[in-house]
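Enquirer: Only the shape, not the letters, is given here:
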């Protein structure tokens, strides 16, 4: 015997409890991937229901044209909707990856001996990848929902663009405001101080302006 070389000797025979534990471990290893796939399908269906609810919420009437928003809110809403689309697409891909796996072919290996052990190991690695894809998919889908809700809220409640103002010149001065109505020889403007009635017979000049001059 060579000094310093460790010797390996057989251990004690396996007890019934050891064999039962090994059987349970192999069974759990064989079933973990289907369980993750089933959980991914449940998450996918639940998140799809969430987005159906969001679409129903979006049917509530509000401002529908982003172009009606004042700058820079129009650009902010456009950016939020674009990010929402990107996150939603990536989240859907991750959820599909978790629920159905990658689109690759796997060789058929008989479950005997070392080949079975290799197949179980490959299933375990695929399970870990599916779990990561599920987590990423759920996170990205929730981010997509938050971005979508924020964009819709800004579209509804953000400040709108100011409508063109009308600058009216008369012998007694100028009036500027948003035109409300005209009739019976009178032009009604909404100004900072309220509605002003200007007789059309007194008008010496009329023009559209983006904003009224300071008083």
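Expert: Sure, I can see it. Values in this document were obtained by computation on a predicted structure and should not be read as measured data.
Enquirer: Can you tell me which residue is spatially central in the chain?
Expert: residue 144 (0.9 Å; CA atoms, centre = their mean).
Enquirer: give the contact list for it.
Expert: Residue 144 makes contact with 84, 85, 87, 88, 91 under the criterion CB atoms under 8 Å, 6 or more residues apart in numbering. The C-beta positions use only the backbone N, C-alpha and C, and glycine is treated the same way.
Enquirer: In this structure the fourth one contacts residue 142, no?
Expert: No - taking contacts as CB atoms under 8 Å, residue 88 lies outside contact range of residue 142: 10.4 Å.
Enquirer: more crowded one of the two?
Expert: residue 88 (19 against 14; other CB atoms under 10 Å).
Enquirer: Tell me the secondary structure at that one.
Expert: Using DSSP: H, G, I helix; E, B strand; the rest coil, the structure places residue 88 in helix.
Enquirer: Which pLDDT value belongs to it?
Expert: pLDDT for residue 88: 88.
Enquirer: Find the residue closest to it in space, skipping its chain neighbours.
Expert: Computed as CB to CB, 6 or more residues apart in numbering, the closest residue to residue 88 that is not its neighbour in sequence is residue 144, at 3.9 Å.
Enquirer: Just the element for that neighbour, please.
Expert: If you go by DSSP states H and E, residue 144 is part of helix 113-157.
Enquirer: continuing past that helix, what's the next helix or strand?
Expert: Next along the chain after helix 113-157, taking DSSP H and E as the criterion, comes strand 165-170.
Enquirer: quick one, longest strand in this structure?
Expert: Determined from DSSP state E, the single longest strand within the chain is strand 173-183.
Enquirer: Show me what the helix or strand following that strand is in contact with.
Expert: Next along the chain after strand 173-183, taking DSSP H and E as the criterion, comes strand 186-191. Applying CB under 8 Å, 6+ apart, the contact partners of strand 186-191 are 166, 168, 175-182, 195-200, 203, 212.
Enquirer: in this protein, what secondary structure element scores lowest on mean pLDDT?
Expert: helix 16-58 (a mean of 73; mean pLDDT, DSSP states H and E).
Enquirer: how distant is the helix holding residue 144 from the center of its chain?
Expert: 14 Å (CA atoms, centre = their mean, to the nearest Å).
Enquirer: ok, back up a step: buried residues in the longest strand of the chain, which are they?
Expert: Using 16 or more other CB atoms under 10 Å as the test for burial, strand 173-183 gives 175, 176, 177.
Enquirer: Could you tell me which strands that strand is paired with, and in which direction each runs?
Expert: Within its sheet, strand 173-183 is paired with strand 165-170 (antiparallel), strand 186-191 (antiparallel), according to DSSP bridges.
Enquirer: mean confidence for whatever helix or strand comes next after the last one?
Expert: For strand 186-191, the succeeding helix or strand toward the C-terminus, using DSSP H and E, is strand 194-199. Predicted confidence along strand 194-199 averages 80 (mean pLDDT).
Enquirer: Summarise which helices and strands strand 194-199 is packed against.
Expert: strand 173-183, strand 186-191 (3 or more CB pairs under 8 Å, 6 or more residues apart in numbering; DSSP states H and E).
Enquirer: Please report how far residue 133 lies from residue 81.
Expert: For residue 133, the distance to residue 81 (CB to CB, to the nearest Å) stands at 25 Å.
Enquirer: nearest residue to residue 154 other than its sequence neighbours?
Expert: That would be residue 77: by CB to CB, 6+ apart, it lies 5.0 Å from residue 154.
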